[in-house]
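# Model the structure of this input:
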Amino acid sequence: QVQLVESGGGLVQAGGSLRLSCAVSGSIFSINTMGWFRQASGKQRELVARIVTDGGSTNYADSVKGRFTILRDSAKNTVYLQMNSLKPEDTAVYYCNVATKYGIVLWGQGTQVTVSS
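You can find the predicted model right below:
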């Protein structure tokens with residue numbers, strides 16, 4: 001059974017940094033994209049950053065451009081989200097997402113990120 005194992009969330013002061021990790025546990029083929037979504041309390045889940053495995057192109061939410069970086073280690077089948085200059089409005093549960101070329105979509109269990117002002 002394939003699982004996405006997340007780590008790296010926590011509490012940080014505004015201006016600080018955190019690095020989230022998401023490792024794919026198990027065998028999965030034809031991954032198309034790996035990414036991170038977040039859901040703040042009372043809000044809808046939104047895309048934060050995504051990377052296309054074939055070619056490495058990335059896209060980011062406007063609110064995180066210049067502050068967050070998505071990285072992928074293909075050998076470890078792991079995707080990272082480096083978050084710098086964190087703001088209180090970045091507080092949310094962050095979910096890892098993997099989508100295959102055949103329409104399979106997987107989600108991680110979510111990791112809480114809290115940014116204090």
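
# The nearest residue to Arg38 once chain neighbours are set aside: how many residues sit nearby?
Closest residue to Arg38 apart from its sequence neighbours, by C-beta to C-beta, 6 or more residues apart in numbering: Ala92 at 3.9 Å. Bear in mind the C-beta positions are built from the backbone N, C-alpha and C, glycine included. By other C-beta atoms under 10 Å, the residues close to Ala92 number 22.

# which residues sit in contact with Ala92?
38-41, 43, 112-113 (C-beta atoms under 8 Å, 6 or more residues apart in numbering).

# for Asn84, same thing?
17, 67-69 are the contacts of Asn84 under C-beta under 8 Å, 6+ apart.

# could you flag which of these are buried?
Neighbour-count burial (16 or more other C-beta atoms under 10 Å) is assigned, among the contacts of Asn84, to Phe68.

# Can you tell me which of the contacts of Asn84 is nearest Val24?
Set against Val24, the nearest of the contacts of Asn84 by C-beta to C-beta is Thr69 (19.5 Å).

# Identify the bridge partners of the nearest residue to that closest one once chain neighbours are set aside.
Distance criterion C-beta to C-beta, 6+ apart; nearest residue to Thr69, sequence neighbours excluded, is Gln82 at 4.5 Å. Beta-bridge partners for Gln82, by DSSP bridges, are Arg19, Thr69.

# And Gln82, how close does it get to Val48?
Note on Gln82: its distance to Val48, by C-beta to C-beta, to the nearest Å, is 12 Å.

# Looking at these two, which has the bigger crowd around it?
Val48 (24 against 15).

# ok so, going back, would you mind putting the contacts of Ala92 into a markdown table with pLDDT alongside?
Listed next are those as a markdown table, based on pLDDT from 0 to 100:
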| residue | pLDDT |
| --- | --- |
| Arg38 | 98 |
| Gln39 | 98 |
| Ala40 | 98 |
| Ser41 | 96 |
| Lys43 | 97 |
| Gln112 | 98 |
| Val113 | 98 |
